[in-house]
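Undergrad: Provide a 3D model corresponding to the input given below.
(4 chains)
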2 protein chains.
Amino acid sequence: MLISELSKQTGISIHTLRYYENYGLISGVTDDAVKSNNYKQYDEIDVEKVEWIVHAKKAGFTLSEIKKSMNDWFSNKLPTSKKLEIVQNKISEVDSKIHELKQVRKFLVASLKDVENGEC
Amino acid sequence: MLISELSKQTGISIHTLRYYENYGLISGVTDDAVKSNNYKQYDEIDVEKVEWIVHAKKAGFTLSEIKKSMNDWFSNKLPTSKKLEIVQNKISEVDSKIHELKQVRKFLVASLKDVENGEC
DNA sequence: ATATAGTATAGAGCATACTCTATACTTGTT
DNA sequence: AACAAGTATAGAGTATGCTCTATACTATAT
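TA: Numbers count the residues shown, from 1 in each chain, chains lettered A, B, ... in the order given. Have a look, this model is predicted:
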């Protein structure tokens, strides 16, 4: 698929997709058989990658962090043990983010009670 | 206390504190009795505010969002019902952030199983 | 053949959140 | 009195993550 289709399937603007491409997060392939242009082709893996970027960003990871783990993940050059380690580390990071949010939530709930008791 | 003490107590640099001051998140008070300088005085509420900024930022809120809710909170001009509403909305926002993180976690755990089963 | 729509590249511009520098004044110590 | 250290203000610079513009080429429909 071309970039406009990738944009449609992911809901991410073409501009932003090109930014991700330059950043090294995705990389379309130009078909050497077609010599008249250098349009880039994207596939289902690119769709998956973009969807993962969207999720990971919402979870508070930077593009730099996303790039690092995604390149590792899709490289097919890492042994199983190393892949397990990467994913486990990511889970730990997500867990501490969840923990931080729960702390904030706790503070908010306490504030709620203060307001209800007229102590604020 | 002066800005250096506020910095010490919160662990936030003086530069950043001044940035927050310009942004309208905190506001030291110059003592009119002292005419030789215009040093700003900060109090325990400012410490609380800065600590709250740190937590809220970790939870993914922008300075703009933090400013809005904090000004409402410390204004003492809002009725209890309005304050309750503000805090409840913030809790909802935190809950959806937690939900998003749990989705990401779920994906990571699924990836972990794929790796363990050699399907990746 | 031509209008239009799509694609690629390069680079400018923008918002957020700092971070640092320059300048000038004030305070405290010796 | 002199000097280091602290404070205030203004503004420049930086990193991240877009977002937009300009330019040029390509593809498709009429």
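Undergrad: secondary structure element holding the closest residue to residue A:93 other than its chain neighbours?
TA: Excluding its sequence neighbours, the residue lying closest to residue A:93 (C-beta to C-beta, 6 or more residues apart in numbering or on different chains) is residue A:61, at 7.8 Å. Where you see a C-beta, it was placed from the backbone N, CA and C, and this is true even at glycine. Following DSSP states H and E, there is no helix or strand that holds residue A:61.
Undergrad: now residue A:61, what are its backbone angles?
TA: phi -80, psi 150 (degrees, to the nearest 10).
Undergrad: ditto for the one 3 residues further on
TA: Comment: the main-chain dihedrals of residue A:64 come out as phi -60, psi -50, following degrees, to the nearest 10.
Undergrad: now it: how far from residue A:83?
TA: 20 Å (C-beta to C-beta, to the nearest Å).
Undergrad: so between the two, which is more surrounded?
TA: residue A:83 (20 against 8; other C-beta atoms under 10 Å in any protein chain shown).
Undergrad: ok, that one touching residue B:116?
TA: No - look at residue A:83 against residue B:116 with C-beta atoms under 8 Å: they stay out of range, at 9.5 Å.
Undergrad: which positions within the longest helix anywhere in chain A qualify as buried?
TA: Secondary structure of chain A per DSSP state H: the longest helix is helix A:80-116. Residues of helix A:80-116 classed as buried by neighbour count (16 or more other C-beta atoms under 10 Å in any protein chain shown): A:83, A:86-87, A:90, A:93-94, A:97-98, A:100-101, A:104-105, A:107-108, A:111-112, A:115.
Undergrad: now stretch A:54-74
TA: A:55, A:56, A:59, A:60, A:61, A:63, A:66, A:67, A:69, A:70, A:73.
Undergrad: touching, residue A:54 and residue A:12? I think so.
TA: Yes - Residue A:54 lies in contact with residue A:12 (C-beta under 8 Å); the separation is 7.1 Å.
Undergrad: so which residues on chain A come close to DNA strand D?
TA: Proximity of chain A to DNA strand D, by C-beta under 7 Å from any atom of the strand, involves residues A:13, A:15-16, A:18-19, A:34, A:36-37, A:39, A:57, A:62-64.
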